[in-house]
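Undergrad: Sharing a sequence plus its predicted fold:
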Amino acid sequence: MEEREIMKRKIISVLLTACLSISLLAGCGGNASKTDDSQVKEESSDTATQTTDTAQNEDPEVTITVLTRYAGSDVQAQWLQTMMEKFSELHPNVTFQDDSVADEAAYNNKLKTAIATGNLPNMWMQYGAASLVEYAKNGLAMDLSSLLEDTEFTSGLADPTLSSYDLSGYGVDGIYALPFAMQPEVIFYNKDLFAQAGINEVPETMEDLFVAFDKLNAAGITPMGMGAKDTWRLGHFYNCIAYKKVGVDNIKKIGAREAKWTDENMVETFEILKSFKDRGAFEENFEGIDWSTENANFLSGKYAMICVPLWFIPNAEASEIADSLDFFPIPYFEDAEDYKDNAAVYTDAHVYNGKLEGYEKEITLEWAKFTHSAYSEEVRLKVCNQLPGRSDVNIDGYEMSPLMKKALALNNELTTYGGDVFEYDEITSMQDVIRNSLVGMMLGTTPEDTAKTIQAEIDNNQ
């Protein structure tokens with residue numbers, strides 16, 4: 001056991017050295033030069049030699065195909081690339097085909113095509129458990145229950161029993177995804193712009209936030225950015241409003257068909273979202289602005305706030321106004337204080353091909369454990385500055401920034417949380433229907449008709 005730990009430590013040491021040398025030149029999501037690639041190979045050669053007992057020469061050659069959104073400028077793209085390279089060093093018979101694409105719509109289309117053609121990747125990303133049901137029933141997703149037997153692996157997970165992806169509540173036995181990271185939605189804000197508007201304290205309640213809007217508008221400052229052209233932006237903001245107003249459990253009841261989108265309390269959540277536009281929270285024509293523009297405008301000091309998950313920390317810390325930026329939790333409603341602790345939290349998860357057999361299945365499970373280990377999360381934290389999804393990650397030698405310390409503390413305080421509101425519905429079209437309906441409401445549709453449109457998608461698919 002001691003030798004195994006020493007070997008693992010050597011692996012992580014090489015990983016960190018390799019990744020840090022790359023990130024110093026190009027950032028975590030950047031491309032390394034040929035010189036750096038050579039240096040990485042030299043530094044890792046000793047470790048590969050020392051671990052030849054892990055990869056048996058007689059093992060067949062296998063190609064592991066991965067489909068994620070860790071691509072392009074995504075800060076985790078370098079983490080994925082590094083993990084694939086290191087795994088191939090430990091298993092020389094394994095090569096990788098990385099089909100990852102950063103854009104959400106492009107990713108969804110690619111996954112749908114892979115499923116329709118029966119050309120499934122070995123691993124893909126998943127959001128929420130409900131949409132997994134069909135994959136599990138059809139044998140497309142691998143049952144990962146056997147991993148629970150490895151207590152060394154599961155003990156450090158934020159959800160050691162993997163209950164988030166236990167599908168027994170949907171009539172399917174087994175666990176079909178591994179959670180990867182927890183990213184709570186928060187509001188990043190510009191301290192200098194708050195001061196210019198005479199705002200001395202961050203809003204604690206939604207009512208405080210509305211007062212802040214008035215002060216910022218009076219000072220000629222756009223209160224909040226919202227790139228609704230990318231529909232996930234408005235969708236994420238609605239998640240926050242819904243959970244703070246009616247609670248996570250109520251959204252789950254809609255997925256279980258114990259409640260409806262047209263219920264009075266749900267219509268009220270749409271009215272609240274629309275009121276943000278009426279209060280002047282966003283700039284004019286925000287429905288035509290994309291996330292890239294919203295991001296750039298906030299980091300150039302054009303907006304006082306944006307609502308975005310904590311994965312935004314590297315963006316904030318790399319900006320020219322980094323010293324002016326901070327974040328605060330999503331405010332709660334004074335008349336719904338029972339849901340004060342309910343929060344929108346996004347958990348990436350990885351699903352594995354249920355059609356795999358023999359050695360390919362075995363090595364894919366090894367890849368799953370390798371990329372979800374404490375050491376993998378340590379690399380992701382120290383190199384990509386991303387919050388770990390495990391509690392046993394070694395942070396020795398890592399000088400944590402004030403924002404990261406605050407983020408870790410916030411994660412530790414989470415008690416009741418949910419992902420996107422559509423994640424609890426087995427109807428896969430709900431994502432597009434809900435998000436497009438929210439944008440449509442901002443363009444003129446009434447909250448009542450918005451609720452009817454969303455509920456109709458369910459009624460028509462019964």
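TA: Perfect, thanks for sending it. Numbers count the residues shown, from 1 in each chain.
Undergrad: Now do the same for residue 72: its pLDDT.
TA: Residue 72 is assigned a predicted lDDT (pLDDT) of 91.
Undergrad: measure the residue nearest to residue 397 when sequence neighbours are not counted to residue 106 for me?
TA: Once flanking residues are discounted, residue 397 sits nearest to residue 382: 7.9 Å by CB to CB, 6 or more residues apart in numbering. (C-beta placed from N, C-alpha, C; glycine too.) Per CB to CB, to the nearest Å, residue 382 is found 30 Å from residue 106.
Undergrad: More neighbours: those two, which one.
TA: Neighbours around residue 382 and residue 106, counted as other CB atoms under 10 Å, are more numerous at residue 382. The numbers are 24 against 12.
Undergrad: where does this structure dip in pLDDT?
TA: Judged by pLDDT under 70, the chain has its weakly predicted residues at 1-57, 161.
Undergrad: How much space separates the most far-flung residue of the chain relative to its centre from residue 93?
TA: What lies farthest from the middle of the chain is residue 58; by CA atoms, centre = their mean that is 38.2 Å. Separation of residue 58 from residue 93 (CB to CB): 9 Å.
Undergrad: got it, and residue 337?
TA: Distance, residue 337 to residue 93, by CB to CB: 58 Å.
Undergrad: Pick out whichever of those two has more residues nearby.
TA: Just comparing residue 337 and residue 93: by other CB under 10 Å the higher neighbour count belongs to residue 93, 15 against 11.
Undergrad: And the strands in the stretch 1-150 of the chain, which stretches?
TA: Remark: strands assigned in the stretch 1-150 of the chain by DSSP state E, counting those that start in this stretch are 62-67, 94-98, 123-126.
Undergrad: now, of those, which is deepest in the fold?
TA: Highest mean neighbour count of those: strand 123-126, a mean of 22 (counted as mean count of other CB atoms under 10 Å).
Undergrad: which residues sit against that one?
TA: 64-69, 107, 111, 114, 132, 165, 177, 348-353, 364, 367-368 (CB atoms under 8 Å, 6 or more residues apart in numbering).
Undergrad: Check stretch 394-401 too.
TA: Here stretch 394-401 makes contact (CB under 8 Å, 6+ apart) with 313, 317, 374, 378, 381-382, 385, 408.
Undergrad: Show me the strands in the stretch 201-350 of the chain, by range?
TA: In the stretch 201-350 of the chain, the segments counted as strands under DSSP E, counting those that start in this stretch are 222-224, 303-309, 325-329, 342-352.
Undergrad: Contacts only, for residue 264.
TA: For residue 264, the contact set (CB under 8 Å, 6+ apart) is empty.
Undergrad: ok, now the one 5 residues further on?
TA: Remark: with contacts taken as CB under 8 Å, 6+ apart, residue 269 is in contact with 238, 241-242, 245-246.
Undergrad: can I get these in JSON lines with distance to residue 124 and neighbour count?
TA: Output for those, formatted as JSON lines (distance: CB to CB, whole Å; neighbours: other CB atoms under 10 Å):
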{"residue": "238", "distance to residue 124": "26", "neighbour count": "22"}
{"residue": "241", "distance to residue 124": "30", "neighbour count": "21"}
{"residue": "242", "distance to residue 124": "27", "neighbour count": "25"}
{"residue": "245", "distance to residue 124": "33", "neighbour count": "21"}
{"residue": "246", "distance to residue 124": "31", "neighbour count": "22"}
